[in-house]
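Asks: Provide a 3D model corresponding to the input given below.
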Amino acid sequence: MTVLHASAASLTARPLGGETLAARHAALLAIEPGLRRRSAADRLGVSELELLLAGGDGAVATRLRSDFKEILARIPNLGPVMALTRNESIVHEKIGPYNPPSFDGMVGLVLGEEIDLRIFLWSWAHALAVTESGPRGDRTSLHFFDKAGGALHKIYLVEGSDGVAFEALVTAFADANPAPLALEALPSAKVPLPDTAINQVAFRAGWDGLQDTHEFHGLLMRHTLARQQALRLAGVDRARPVAPQALRRVLEAAASAATPIMVFVGNPGIIQIHTGPVEKLMATGPWFNVLDSGFNLHILEPTITHAWAVYKPTADGVVTSLELFDASETLVASLFGKRKPGQAEDPAWRALVATLTTLGAQ
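Replies: Presented below is the predicted three-dimensional model:
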């Protein structure tokens with residue numbers, strides 16, 4: 001275990017380049033008032049968790065015990081909330097009721113028409129309750145972090161939320177005697193085997209024998225394949241490279257034709273899913289956004305470097321997806337046509353993806 005910082009709370013008192021972290025954060029915000037906390041943490045060389053605990057932007061953070069299952073079981077009491085999940089490229093926000101989670105060991109589900117989540121608790125390590133003051137009044141939220149202090153998932157109170165239930169939750173789970181905060185470096189990504197070490201004939205045969213999209217991860221594990229490596233070796237009838245701008249083009253086409261879609265965005269701790277139409281689209285600098293009632297998606301387009309149209313066989317017929325990757329070959333989003341198990345794919349979605357030009361094709 002590599003310990004990164006002995007105590008985030010102590011950073012408020014320990015000089016960093018002659019100033020405390022809180023003072024450096026405040027000074028940075030004085031220069032760039034609209035700078036997001038995640039971006040400020042990157043600038044200051046610390047984690048978002050450390051920056052929240054140090055202060056400097058007026059936020060008040062309370063450390064909670066790491067009783068994640070129990071905390072999540074209390075979220076339905078809050079009424080409607082905004083669930084936020086992000087990675088380095090995309091922010092996914094959904095508003096609605098946060099239904100009771102169910103767990104099988106460390107894997108959890110929150111199922112609902114609005115908020116739909118897949119939770120992987122082995123990546124969860126820290127929790128905070130946060131109050132922030134702004135021009136529209138106080139904003140309260142719960143933040144969950146990985147072992148390195150990176151944010152995994154956030155839950156914000158919105159209009160109609162039960163503030164009394166939120167205070168009761170914080171009181172119930174507040175850590176009265178928190179241990180010094182020790183952050184760990186996350187393990188490095190595994191180096192994939194060289195292409196020549198892969199039995200490509202067996203891999204493609206396994207692909208063609210898929211009965212459910214959820215079997216794909218097991219296929220990669222059996223053949224020791226990285227995900228984008230698998231797409232590259234599958235052959236263009238199974239996966240074909242398309243332009244990184246394909247995400248914008250697919251969203252624009254889906255909005256224009258009112259084609260309902262599914263948008264999966266996640267990180268090692270959680271996947272958040274939107275199912276339904278997209279309507280209001282807007283570009284703002286390097287960001288491309290979906291700004292719908294109840295669903296926002298914020299895409300930092302320059303960070304998406306690879307995109308693939310993917311075709312997987314299932315018991316219900318071929319399922320088509322668009323998969324997006326960053327420069328480190330990390331999957332940052334997957335899009336599908338709206339469907340449920342037992343249903344065939346929406347032909348409108350398949351036709352939409354078919355319009356994307358294969359990279360390298362004449």
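
Asks: measure the nearest residue to residue 54 once chain neighbours are set aside to residue 145 for me?
Replies: Leaving aside its sequence neighbours, residue 54 sits nearest to residue 21 (CB to CB, 6 or more residues apart in numbering; 4.1 Å). C-betas here are computed from N, CA, C, even on glycine. As for residue 21, its distance to residue 145 is 17 Å (criterion: CB to CB, to the nearest Å).

Asks: Would you mind confirming that the residue nearest to residue 54 makes contact with residue 44?
Replies: Yes: using CB atoms under 8 Å, residue 21 is in contact with residue 44, at 6.8 Å.

Asks: so what sits against both of these two?
Replies: residue 51 (CB atoms under 8 Å, 6 or more residues apart in numbering).

Asks: Same drill for these two, tell me which one is more crowded.
Replies: More crowded of residue 21 and residue 44, by other CB atoms under 10 Å: residue 21, with 26 against 20.

Asks: From residue 244, how far off is that one?
Replies: 36 Å.

Asks: Quick check: phi and psi at the residue nearest to residue 54.
Replies: Torsion angles at residue 21 (phi, psi; degrees, to the nearest 10) stand at phi -60, psi -40.

Asks: cool, and residue 287?
Replies: Per-residue torsions, residue 287: phi -100, psi 140 (degrees, to the nearest 10).

Asks: Give the full set of residues in contact with residue 19.
Replies: Taking CB under 8 Å, 6+ apart, we find residue 19 in contact with residue 27.

Asks: Bridging across strands, which residues link to it?
Replies: Note on residue 19: beta-bridge partners residue 16, judged by DSSP bridges.

Asks: Per-residue pLDDT of it, please?
Replies: pLDDT, residue 19: 73.

Asks: From residue 42, how far out is it?
Replies: Distance from residue 19 to residue 42, counting by CB to CB: 18 Å.

Asks: And residue 155, by the same measure?
Replies: 23 Å.

Asks: Those two: which has the busier surroundings?
Replies: The neighbour comparison of residue 155 against residue 42 (other CB under 10 Å) goes to residue 155, with 23 against 14.

Asks: any idea whether the more buried one is helix, strand or coil?
Replies: Here residue 155 is recorded as strand under DSSP: H, G, I helix; E, B strand; the rest coil.

Asks: beta partners of the residue lying closest to it once chain neighbours are set aside?
Replies: Spatial nearest neighbour of residue 155, excluding adjacent residues (CB to CB, 6+ apart): residue 142 at 4.6 Å. Taking DSSP bridges as the rule, residue 142 bridges to residue 129, residue 155.

Asks: For residue 142, give me its contacts.
Replies: By CB under 8 Å, 6+ apart, the contact set of residue 142 is 64, 71, 75, 127, 128, 129, 130, 154, 155, 169.

Asks: what do you get if the cut-off is 7 Å, keeping everything else the same?
Replies: 127, 129, 154, 155 (CB atoms under 7 Å, 6 or more residues apart in numbering).

Asks: Next: residue 263.
Replies: Residue 263 sits in contact with 92, 273, 274, 297, 333, 335, where contact means CB under 7 Å, 6+ apart.

Asks: Look up which helix or strand the first one falls in, please.
Replies: Mapping residue 92 onto the secondary structure by DSSP states H and E places it in strand 90-97.

Asks: Thought residue 156 was touching residue 138, still the case?
Replies: No: Residue 138 lies out of contact with residue 156 (CB atoms under 7 Å); the separation is 11.5 Å.

Asks: And the contacts of stretch 158-177?
Replies: Contacts with stretch 158-177, where a contact means CB under 7 Å, 6+ apart, come from 62-65, 67, 71, 74, 77-82, 95, 129, 140, 157.

Asks: could I have that stretch exported to CSV, CA atoms only?
Replies: Taking C-alpha atoms only, stretch 158-177 is exported to CSV below (Å, rounded to 0.1, in the frame of the first residue of the first chain):
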residue,chain,number,x,y,z
VAL,A,158,-33.0,19.4,-5.0
GLU,A,159,-36.4,21.1,-4.9
GLY,A,160,-38.8,18.8,-3.0
SER,A,161,-36.0,17.0,-1.1
ASP,A,162,-36.5,16.4,2.6
GLY,A,163,-33.9,18.4,4.4
VAL,A,164,-34.9,17.0,7.8
ALA,A,165,-34.3,13.5,6.6
PHE,A,166,-30.9,14.6,5.3
GLU,A,167,-29.9,16.0,8.7
ALA,A,168,-31.1,12.8,10.3
LEU,A,169,-28.9,10.8,8.0
VAL,A,170,-25.9,12.9,8.7
THR,A,171,-26.4,12.7,12.4
ALA,A,172,-26.8,8.9,12.2
PHE,A,173,-23.6,8.4,10.2
ALA,A,174,-21.3,11.2,11.3
ASP,A,175,-17.9,9.9,12.3
ALA,A,176,-17.4,11.4,15.8
ASN,A,177,-13.8,10.3,16.0
